[in-house]
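Participant: Would you be able to build a 3D model of this:
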Amino acid sequence: MAKHTIGLFYGSTTCYTEMAAEKIKTQLELLDAELVVHMFNIKDTPLSEIDRYDNVLLGISTWDFGELQEDWESKWEDIAAVGFTDKKAGIFGLGDQLGYAEWFQDAVGMLHDVIVPNGADIVGYWPNEGYDFIASKALTDDGTFFVGLSLDDENQYDETDARISAWCEQVYAELFSAA
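Facilitator: The predicted structure follows:
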């Protein structure tokens, strides 16, 4: 039996969020041979599956002018009904900071704002340094962090693997350091 488990739930229209999810799963499992990350595409999985996990990672992309990815949008009422009490949750997202600079990572912020009132203990806040955008709903109140890992494969693909690696080390420590 695995010492630690994580449920990783993502929505992906163009496969980029799915590819990021796969990289996150691989990186986390490299950090701990006893860790098991179960991946779920929310298109095919009810969000009630989140109930099975104490540690959850959620992947979402921002579309166009700050809109939710279509699978998340179709289940938005479902995520609002999921109880996150006693759960640690991390969010990662993809967006286009140059093409949609006024809405960069907005979906990450919207997802954060739904799960926090439902009891989620958020892990994986990510510094906003090294990005070039105008506005984002994914920023913390002081504006220095994103509320989750922010990836931009459109404009900064060469940064993705290093960001995922660093975020996974951070999230692993935040999830399991006291375990």
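Participant: going forward, measure contacts between C-alpha atoms and count neighbours the same way
Facilitator: Fine.
Participant: In this protein, where is pLDDT below threshold?
Facilitator: 1-2, 178-179 (pLDDT under 70).
Participant: Please enumerate the strands of it.
Facilitator: 4-10, 35-41, 55-63, 67-68, 88-94, 121-123, 126-127, 145-146, 149-151 (DSSP state E).
Participant: Quick check: which of those strands is buried the most?
Facilitator: Among the strands of the chain, strand 149-151 has the highest mean neighbour count (mean count of other C-alpha atoms under 10 Å), at a mean of 28.
Participant: Contacts for that strand, please.
Facilitator: Contact partners of strand 149-151, identified using C-alpha atoms under 8 Å, 6 or more residues apart in numbering, comprise 91-95, 105, 124-126, 160, 163-164, 167.
Participant: from the middle of its chain, how far away would that strand be?
Facilitator: Using C-alpha atoms, centre = their mean, to the nearest Å, the mean C-alpha position of strand 149-151 is found 8 Å from that of the whole chain.
Participant: One more: stretch 16-27?
Facilitator: Worked out by C-alpha atoms, centre = their mean, stretch 16-27 lies 10 Å from the chain centre.
Participant: List the buried residues of that stretch.
Facilitator: For stretch 16-27, the buried set under the neighbour-count rule, 16 or more other C-alpha atoms under 10 Å, comprises 16-18, 20-21, 23-25, 27.
Participant: same deal with stretch 41-56?
Facilitator: Burial within stretch 41-56, assessed by neighbour count using 16+ other C-alpha under 10 Å, is assigned to 41-43, 47, 50, 53-56.
Participant: Endpoint to endpoint, that stretch covers what distance?
Facilitator: Stretch 41-56 has an end-to-end distance of 13 Å (C-alpha to C-alpha, to the nearest Å).
Participant: repeat for stretch 132-143
Facilitator: Note: stretch 132-143 ends 14 Å apart using C-alpha to C-alpha.
Participant: what does stretch 11-28 contact?
Facilitator: In contact with stretch 11-28 (C-alpha under 8 Å, 6+ apart) are residues 8, 10, 35, 37, 39, 41-43, 59-61, 69-72, 93-94, 153, 161, 164-165, 168-169, 172.
Participant: Stretch 172-179 too?
Facilitator: So stretch 172-179 is in contact with 28, 55, 88, 123-124, going by C-alpha under 8 Å, 6+ apart.
Participant: And stretch 156-170, by the same measure?
Facilitator: 20, 23-24, 27-28, 31, 124, 126, 149, 151-153.
Participant: what do you get if the cut-off is 10 Å, keeping everything else the same?
Facilitator: 20-21, 23-31, 90, 92, 96-97, 123-126, 130-131, 148-153, 171-174 (C-alpha atoms under 10 Å, 6 or more residues apart in numbering).
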